[in-house]
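Undergrad: Kindly return the folded structure for what I paste below:
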Amino acid sequence: MPAVAHQQYTAAGSDVSTVKQLELVRDILRAVQGLTGRYCSFNPASTAGNPATSGPGVLIAPHDQLKLQLGYRTLMHELGELGFLYRRVLAAIQSGRSPHTGSVRQALCAALGEEVTDFYRLMAVLEAQLATPQPTPGADETDVAGSYLSLRRLQLWLAEPMRRMRFLAVLVDGCANRVGGDLAGRVWAASKIGDPLASSYATRILHQMCVPLFDMIRRWVFEGVLEDPACEFFIVPSSTNTSSNRDLWRDAYRIEPAKLPPFINAELAATILRAGKSINFLRDACNDARWVQEWAPGASEAAAELGYGQLPVLERVVSSAGQRVDARLMAVLQSSGELDKHCQAIRRYLLLGQGDFVVALLDCLGPELNKLAKDVSEVTLNHLLRTALLASAGGAQEEGGVQDRLKAYKAQTGDLETGWDAFSLQYQLGPPLSSIFTSAAQSSYSRLSKLLWFMRRTENSLGQAWKLLKVDIERIIPRFKQDACRGGLDDLLASCLHLRAEMAHFVINLQYYVNLEVLECAWSEFMTASAAASDLDCLIAAHDKFLDVVLARALLGPGRAEGLRHTLNQLLRTCMSLAPVVQRFCEKVQIGADSLSMRAATAEASKAAGRWGTTASRVEPAVSAEEINDLKKTYSGLAEQFRNQLNEFLRGLPAAADEVNAEVRFLMARLNFSDYYTRPPTEAPTN
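TA: Next comes the predicted model:
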């Protein structure tokens, strides 16, 4: 009681009361029911605002209107507080009767109404006791028939209702501006306090509040229905993406942490979310609404009577329902969704796992993609892609629209770039598999595919260089015999073969590392996890892990790998630069060989005519020294560029291995197993 109010009570005290105690009791009974009496009223400011700042809630008539003993006046203040608290609780109950109020708050108000009903019963009993006359002063109370009421007895009668109403008033104040699970969480917190009576009140109220909340859970888990007009449920639709091509799994629903009741843990909430999402996914993405309609009515009976005190039962029911729905979803993905077949198609065509398809596609697309990117037609690329697919083993027998899903795509590039820089393969998938192979995943596949294509193109280019060197040049050079350019041609041939061997060593080991140690191992782990996945979240997590691991180990991730990736691209381009140099070399040798043939024919014709078979001009080399030196200079620059770039790449691998993955060291060991590139120049190689 505030000090000012206490001073007022003391000043208003009197030794003699001018009002009968029965009148005071009758007035107090009206006050505790929230009604203004003759001597007791309520402070409107305190009722509407904060009692701590607007003064006492109960007002007793001043001393000039009501002369009372100080003890009686104090009792009237104490008992009148019950009416003040009752008015606050009643106001909260009435506010919950609005048609726009949520079902959880309506349940709270209904539970408060039942608590107030008990209070009404007590008031009826006390009103009946008012008819019993009070004993006259000096009379023996045992002679009075029945129970009568006095202020002291009324104080004892109202002790428990006062305690309950005080708790309810604090509860409704704490529940203001709260909805749904947050509201239930506030009552749950009140049930965990140390007062056993207050805890029992809160638990009784919480049981009724959880009826609509558990009904929402039941309908969501078994029917996938989100009927929540007042936005009370802790599962809400995701509003971040409302487009028609949104992900029906990731972008459909989410948990709102602010509305999650604390008695539902995060694991149970995630199971509830996934169960409803799976049902909606079956209905919307998999077109399996019939199974949901047949399964839901019988399965939901187990959860029809669940309440707050049955949380372990709720966990078992939700877990069982979730497992059943997840099993159905995974079965549908494997059957009608043809998950395994599309995964194998991605592995064979998008990740270049089928060698004859890669060879056929290189043969078909090579001439077209060697043009400038602006001159390449995407329609032509798709036509050539279909031709390569039909030429590969099993391509013509692909079912399930695999041929229609595999597309060639030309990105927007600069005018000076070739078609290879803009070309990429895409495997288009719609619902339900588009929730696994999302647009972000397709972008990752595109990056990986570009690297794989770059390595295959480089390998093909080095193969063409080897063919020119071993089949054409090496076969023609013996025809030069004692020609002056023979030594220079032999040296240049040996140098080109040596450089080509170094480049092939780099490309072959890089391909082995990416294809076998990275891609094949990660793909095997993904397929094993895919077969063991119990729900769609596990399957998506396994696929995301596969992409993350592959991109990181293939140096396609962020961080230090970005610098290495730039060096790697330069290395592959340098390796592809060898074929044009060898082509020039072959052309020079071929021209020289033709020149020698012409000389021989001229000499034979001269001899047949009786003249000398040779002249002074014949001593000139068939391939001039300037041409050979020019080729050697080009070769030397290319070799130096390759070795410098390779050294830079090897120096960056240890740091990338520490940051990205330790398995990157396997690539370093393969490329430089004998320390050939990192050994000091003065150190002699060991035999």
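Undergrad: The helix ranked longest in the chain: how far from the chain's middle?
TA: Of all segments of type helix in the chain, defined using DSSP state H, the longest is helix 625-659. Distance, stretch centre to chain centre, for helix 625-659: 43 Å (CA atoms, centre = their mean, to the nearest Å).
Undergrad: helices and strands around the helix or strand that comes right after it, which ones?
TA: Counting by DSSP states H and E, the next helix or strand C-terminal to helix 625-659 is helix 664-671. For helix 664-671, the packing partners by 3 or more CB pairs under 8 Å, 6 or more residues apart in numbering; DSSP states H and E come out as helix 486-512, helix 625-659. Yep, even glycine has a C-beta here, placed from its N, CA and C like the rest.
Undergrad: The shortest one relative to helix 664-671, how many degrees between them?
TA: Helix 486-512 and helix 664-671 are oriented at 160 degrees to each other (axes from the mean of the first three to the mean of the last three CA atoms, to 10 degrees).
Undergrad: between helix 486-512 and helix 625-659, how big is the angle?
TA: Using the same axes, to 10 degrees: helix 486-512 against helix 625-659 is 20 degrees.
Undergrad: Point out the other helices and strands that helix 486-512 packs with.
TA: With contacts taken as 3+ CB pairs under 8 Å, 6+ apart, helix 486-512 sits against helix 439-467, helix 560-576, helix 578-608, helix 625-659, helix 664-671.
Undergrad: I'd like these as a markdown table, with mean neighbour count and distance to L311 appended.
TA: Formatted as a markdown table, these follow (neighbours: other CB atoms under 10 Å; distance: least, CB to CB, whole Å):
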| stretch | mean neighbour count | distance to L311 |
| --- | --- | --- |
| helix 439-467 | 18 | 38 |
| helix 560-576 | 18 | 48 |
| helix 578-608 | 16 | 71 |
| helix 625-659 | 16 | 45 |
| helix 664-671 | 18 | 49 |
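Undergrad: Tell me which of those helices sits nearest to D537.
TA: helix 439-467 (15.2 Å; CB to CB).
Undergrad: what residues does the following helix or strand past the closest one touch?
TA: Later in the chain than helix 439-467, the nearest helix or strand by DSSP H and E is helix 474-476. Applying CB atoms under 8 Å, 6 or more residues apart in numbering, the contact partners of helix 474-476 are 493, 589-590, 593.
Undergrad: for those, which one is nearest V32?
TA: Of the contacts of helix 474-476, the one sitting nearest to V32 (CB to CB) turns out to be L493, at 113.4 Å.
Undergrad: Now for the closest one, how many residues are close by?
TA: 18 (other CB atoms under 10 Å).
Undergrad: That one is in contact with L468, isn't it?
TA: No - L493 is not in contact with L468 according to CB atoms under 8 Å; the separation is 10.4 Å.
Undergrad: shared neighbours of the two, anything?
TA: F585.
Undergrad: residues touching the residue nearest to V582 when sequence neighbours are not counted, list them.
TA: Once flanking residues are discounted, V582 sits nearest to A465: 4.4 Å by CB to CB, 6 or more residues apart in numbering. Counting by CB under 8 Å, 6+ apart, A465 touches 496, 500, 578-579, 582.
Undergrad: Ok, L365 next?
TA: By CB under 8 Å, 6+ apart, the contact set of L365 is 381, 384-385, 388, 408, 423.
Undergrad: now the strand or helix carrying it: mean pLDDT?
TA: Using DSSP H and E, L365 falls within helix 355-369. Mean pLDDT, taken over the full extent of helix 355-369, equals 88.
Undergrad: Buried residues, it. List them.
TA: Using 16 or more other CB atoms under 10 Å as the test for burial, helix 355-369 gives 357-358, 360-362, 364-365, 368-369.
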